[in-house]
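Q: Got a sequence here, can you build the structure:
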Amino acid sequence: MDRLCKAPRTAQIVVVSRHEDFGFDPSSFGPGWELRRVQQIRDVERVVRASPPSAGVIDLQAEYSDAELGQLELALQHLHVTWVAITCDAMLADERVRRLIRDYCVDYVRTPFSVQELIYTLKHAHGMASLHGARVQETASRGTMIGECAAMRAMFRSLAKVAHNEAPVFISGESGTGKELAAQAIHDASSRRKGPFIAINCGAIPSHLVQSELFGYEKGAFTGANQRKIGWIEQAQGGTLFLDEIGDLPLESQVALLRFLQQGTITRLGGHQSIPLNLRIISATHVDLVAAQGDGRFRSDLFHRLCVLTLSIPPLRERGEDILQLANAVLTEHGHEAHRRIRGFSACATQAMMQYAWPGNVRELINRVRRAIVMTDNRKITAEDLQLHGGAELPRKTLDAIREEAEREAIRNVMASHGFHVVPAARELNVSRVTLYRLMHKHNIRVESQPAAGE
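A: Residues are numbered from 1 along each chain as shown. Reported below is the predicted structural model:
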């Protein structure tokens, strides 16, 4: 408790009161404390929004109009300010006042009260606000990717390594796991961070436009080409180009992309000049590119050019307590969208989130929590608000199924790290080639055999 009562270099108390100063000044709190007085209700939102993590004291002894209470409610929703109310028995008879205190204040004092009692309560409130502010700051310093589980810590270590290399990176992971966020993090931590980061979704471009969108075109190259267009690849000069859903790239465009990776130059459609470029390629897809190669839908030579370095993002269902950490981060970011202050997740919601299989991964979690924030009438979000119905929407996986999935992912990751050469992959997995081929057949992992030298 003593830690909560100690002020940082400057600790702010926001005082919302029309008339009273409650008998204290900054010196009442000791060194390092700053009081900021707000007399007009219409100014509260602006002052609170711009404040650091703070404690707030709000005077609820006087009558407020419905409009003023509405303005107060908007201001009190900011989670980085922890509020204490001052009120009296007469005002506590008003249901509007009781609801405001119940939903938005950490504590309240009734008149008459001692100044020391109020100071102690406010110092405690400031300590709670500081804890929240420290958590938000820690999350911001790590970027938008959140995770503390073993799989995510391993992924962060790999991300740091590939960021300090210039080789192409291939990011694997299910849809919605955050592959573009990982690509952005690699760019931001690389020597190219001052250059552009261009992200395109290959699956979202009509097949007949892929060539012109990627490589650009000269004026008159085709009907409707009224002026020169700089393609996405050229726009990424000096920076990073992220090709999401590379598995959906048409074969014709795969050939042109391979030529660029080999030569480091492009030629705009309708042009004759080779343009040298210096940029890094990061690619990703949810498609099984090993199977796509076997089906003839993806070129093996392009695959090996793109998969020099690999990064695998685990699905949300394998991230344990990260699920709750992510849900709380979404609530912190979007809590202001609610019509009342939400105080977290109920026990049934927590249980449901931990039991649910999350087929849509982080993207689905964000959408469910945001919808619940807007639609809930509860002080805490419930499983019903999340439309998870106690976590029984999808059955839990059996232990055998979990083992099978872990084995399949381990083989795929090791194979990808060795360019899908069987011999070094078998050596790292500590199994024979025959055993590895049997496991690949078991998990339907197909790749053309490429004998290593000396076999």
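Q: For the residue of the chain most remote from its centre, which residues are in contact?
A: Largest separation from the mean C-alpha position in the chain: residue 112, at 47.3 Å (CA atoms, centre = their mean). By CB atoms under 8 Å, 6 or more residues apart in numbering, the contact list for residue 112 is empty. Yep, even glycine has a C-beta here, placed from its N, CA and C like the rest.
Q: How about residue 304?
A: By CB under 8 Å, 6+ apart, the contact set of residue 304 is 419-420.
Q: Just confirm the residue farthest from the centre of the chain is within a strand.
A: No: in this structure, residue 112 is coil, not part of a strand, as judged by DSSP: H, G, I helix; E, B strand; the rest coil.
Q: Next one: it relative to residue 172, how far apart?
A: Remark: distance between residue 112 and residue 172 (CB to CB, to the nearest Å) = 66 Å.
Q: Same check on residue 68?
A: To residue 172, residue 68 is 55 Å away according to CB to CB.
Q: Look at those two and report which has more neighbours.
A: Neighbours were counted for residue 68 and for residue 172 using other CB atoms under 10 Å; residue 172 has more, 22 against 14.
Q: what's the closest non-adjacent residue to that one?
A: Here the nearest residue to residue 172 in space, its sequence neighbours aside, is residue 312; by CB to CB, 6 or more residues apart in numbering that works out to 4.9 Å.
Q: what's residue 217 sitting at in phi/psi?
A: phi -150, psi 160 (degrees, to the nearest 10).
Q: what's the neighbour count on the closest residue to it other than its chain neighbours?
A: In space, and not counting its chain neighbours, residue 217 is closest to residue 269: 3.8 Å by CB to CB, 6+ apart. Residue 269 has 17 neighbouring residues, counting by other CB under 10 Å.
Q: Can you report phi and psi for residue 269?
A: phi -60, psi 130.
Q: Tell me which residues of stretch 418-428 come out buried.
A: 418, 420, 422, 425-426 (16 or more other CB atoms under 10 Å).
Q: likewise stretch 183-191?
A: 183-187, 190.
Q: which residues of the protein score low on pLDDT?
A: Along the chain, segments meeting pLDDT under 70 span 1-13, 18-32, 49-53, 74-75, 77-80, 129-144, 390-398, 446-455.
Q: Please, where are all the strands along it?
A: In the chain, the strands defined using DSSP state E lie at 11-16, 33-38, 54-59, 81-87, 105-110, 169-172, 197-201, 240-244, 265-266, 275-276, 280-285, 309-312.
Q: Remind me what the last one packs against, helices and strands.
A: The criterion is 3 or more CB pairs under 8 Å, 6 or more residues apart in numbering; DSSP states H and E, and the helices and strands that strand 309-312 contacts are helix 150-163, strand 169-172, helix 399-417.
Q: got these as a markdown table, with distance to residue 94 columns?
A: Conversion of these to a markdown table gives the following (distance: least, CB to CB, whole Å):
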| stretch | distance to residue 94 |
| --- | --- |
| helix 150-163 | 48 |
| strand 169-172 | 56 |
| helix 399-417 | 55 |
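Q: Show me which of those has the highest average neighbour count.
A: Comparing the helices and strands packed on strand 309-312 by mean neighbour count (mean count of other CB atoms under 10 Å), strand 169-172 ranks first with a mean of 25.
Q: Who are the packing partners of that strand?
A: Judged by 3+ CB pairs under 8 Å, 6+ apart, the packing partners of strand 169-172 are helix 179-188, strand 280-285, strand 309-312, helix 399-417.
Q: buried sites along stretch 318-335?
A: Within stretch 318-335, the residues scored as buried using 16+ other CB under 10 Å are 318-320, 322-331, 333, 335.
Q: from the chain's centre, how far out does it sit?
A: The chain centroid and the centroid of stretch 318-335 are separated by 9 Å, computed with CA atoms, centre = their mean, to the nearest Å.
Q: Contacts made by it with the rest, please.
A: Contacts for stretch 318-335 (CB under 8 Å, 6+ apart): 77, 79, 136, 139, 146-149, 151-152, 316, 341-342, 344-345, 350, 353-354, 358, 362, 365-366, 369-370, 373, 381.
Q: Please pick the buried ones from those.
A: By 16+ other CB under 10 Å, the contacts of stretch 318-335 give 77, 79, 136, 139, 146-147, 149, 151-152, 316, 341-342, 345, 350, 353, 358, 362, 365-366, 369-370, 373, 381 as buried.
Q: could you list every residue that touches the residue lying closest to residue 163 once chain neighbours are set aside?
A: With CB to CB, 6+ apart as the criterion, residue 163 has its nearest non-adjacent residue at 3.8 Å, and that residue is residue 189. Applying CB under 8 Å, 6+ apart, we find residue 189 in contact with 159-160, 163-164.
Q: From these, pick the one nearest residue 95.
A: Set against residue 95, the nearest of those by CB to CB is residue 159 (52.0 Å).
Q: Tell me if I'm right that the closest one and residue 182 touch.
A: Yes: between residue 159 and residue 182 there is a contact under CB atoms under 8 Å: 6.4 Å.
Q: Spit out the residues that contact these two alike.
A: Counting by CB under 8 Å, 6+ apart, the common neighbours of residue 159 and residue 182 are residue 311.
Q: Residues in a beta bridge with residue 59, which ones?
A: On the basis of DSSP bridges, residue 59 is bridged to residue 86.
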